[in-house]
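Peer 1: I'll drop the sequence and a predicted model, then ask my questions.
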Amino acid sequence: MEQSGNWGQEPVVLLPGMMCDARIFTPQINALSAQAPVMVAPLVGGDRVEDIATHILSMLPERFALAGLSMGGIVALEILRRAPSRITRLCLMATTPLSETPDQAAMREPLIIAARTGGLDKALQQTLPPEVLAPGGRRLEVLNLVREMGLDLGAELYVDQSRALQRRSDQQATARRCQVPTLILCGEYDRLTPVKRHEFLAELIPHAGLEIIAGAGHLPGLEQPEAVNQALLGWLAAPAGVAAPA
């Protein structure tokens, strides 16, 4: 992880996944904050991706590097759509540019009802089942942390974020228009947003680099932190106008 930070020293903004807070990025904050300002923006501000993006943009510096995980990647694409000139480089992790299908949206309804009626713990477990993470000893540790974050954030936010995901727009056109150094990053065992989805996303974005993290699933930054940190440092070191190394 000994890469020099010779990028433009722009702040790095991290957007967490659904029902996650800064703890989801602890290894990345530790690795990057020695070289640049790092902030984690919570996915709050409404029950539409557009409203969340507007709220986040109001808090951010004028120019920044942007990295989004899962739902955070969906919000990152909306921020890119709204304010492309403010983003110096982009990283999309374990995410998708596609809108939700009617079947996917319908599957969220019983989970929303559960969250509203005292069953947030059950809803969280079904939202991120164990099989979307890589097999191995770290799986339970990661799941426990995700559960803890979700319970801390509460049922109201679960409902808002679920509605935002149901209603999200297709961002393929946004991806095609992206003109900044971009890294697409995914775990080899991710069943929620599989490798093929990321290959598709990397093809949409001009000159994007794609990195598949071995031994990781849907939350690579926690499952394989050293590999993800290396990838992010390489992304930050890429000169403006040059794709991130794959």
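Peer 2: Now that the structure is in, tell me what you want to look at. Numbers count the residues shown, from 1 in each chain.
Peer 1: Would you map the helices across the protein?
Peer 2: 26-32, 49-57, 71-82, 102-116, 120-127, 138-153, 155-167, 172-177, 195-204, 220-223, 225-237 (DSSP state H).
Peer 1: so which of those helices comes closest to residue 187?
Peer 2: Minimum separation from residue 187 across the helices of the chain (CB to CB) falls at helix 220-223, 4.3 Å. Heads up, the C-betas are built off the backbone N, CA and C, glycines and all.
Peer 1: now that closest one, how far from the centre of its chain.
Peer 2: Taking CA atoms, centre = their mean, to the nearest Å, one finds helix 220-223 lying 12 Å from the centre of the chain it belongs to.
Peer 1: Show which residues not belonging to it make contact with it.
Peer 2: 24-28, 69, 93-94, 133-134, 138-139, 142, 145, 185-187, 190, 213, 215-217, 227-228 (CB atoms under 8 Å, 6 or more residues apart in numbering).
Peer 1: again, only this time at 7 Å
Peer 2: For helix 220-223, contacts defined as CB atoms under 7 Å, 6 or more residues apart in numbering pick out 24-25, 27-28, 69, 93-94, 133-134, 138, 142, 185, 187, 213, 215-217, 228.
Peer 1: ok, now stretch 97-109?
Peer 2: 77, 162, 165-166, 168-172, 175, 201, 204.
Peer 1: Put the alpha carbons of that stretch into PDB.
Peer 2: The C-alpha trace of stretch 97-109 is given here as PDB (Å, rounded to 0.1, in the frame of the first residue of the first chain):
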ATOM      1  CA  PRO A  97     -26.600   1.700 -13.400                       C
ATOM      2  CA  LEU A  98     -29.900   0.000 -14.000                       C
ATOM      3  CA  SER A  99     -33.400   0.900 -12.600                       C
ATOM      4  CA  GLU A 100     -35.200  -1.600 -10.500                       C
ATOM      5  CA  THR A 101     -37.400  -4.100 -12.200                       C
ATOM      6  CA  PRO A 102     -41.100  -4.400 -11.200                       C
ATOM      7  CA  ASP A 103     -40.300  -7.800  -9.600                       C
ATOM      8  CA  GLN A 104     -37.400  -6.400  -7.600                       C
ATOM      9  CA  ALA A 105     -39.500  -3.400  -6.400                       C
ATOM     10  CA  ALA A 106     -42.300  -5.700  -5.400                       C
ATOM     11  CA  MET A 107     -39.900  -7.900  -3.300                       C
ATOM     12  CA  ARG A 108     -39.100  -4.800  -1.200                       C
ATOM     13  CA  GLU A 109     -42.700  -4.300   0.000                       C
END
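Peer 1: Please identify the buried residues of that stretch?
Peer 2: Residues 97-100, 105, 108 are the ones in stretch 97-109 that count as buried (16 or more other CB atoms under 10 Å).
Peer 1: Using a markdown table, please lay out the helices of the chain together with distance to residue 63 and mean pLDDT.
Peer 2: Listed next are those as a markdown table, based on distance: least, CB to CB, whole Å; pLDDT from 0 to 100:
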| stretch | distance to residue 63 | mean pLDDT |
| --- | --- | --- |
| helix 26-32 | 16 | 97 |
| helix 49-57 | 12 | 98 |
| helix 71-82 | 13 | 98 |
| helix 102-116 | 35 | 97 |
| helix 120-127 | 34 | 97 |
| helix 138-153 | 29 | 97 |
| helix 155-167 | 26 | 98 |
| helix 172-177 | 18 | 97 |
| helix 195-204 | 24 | 96 |
| helix 220-223 | 23 | 98 |
| helix 225-237 | 14 | 95 |
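Peer 1: give the contact list for residue 159.
Peer 2: By CB under 7 Å, 6+ apart, the contact set of residue 159 is 112, 115-116.
Peer 1: err, residue 156, not the other one
Peer 2: No residues are in contact with residue 156 under the rule CB under 7 Å, 6+ apart.
Peer 1: now do 10 Å
Peer 2: Shown in contact with residue 156 (CB atoms under 10 Å, 6 or more residues apart in numbering): 44, 47, 115-116, 120.
Peer 1: All good on my end, thank you.
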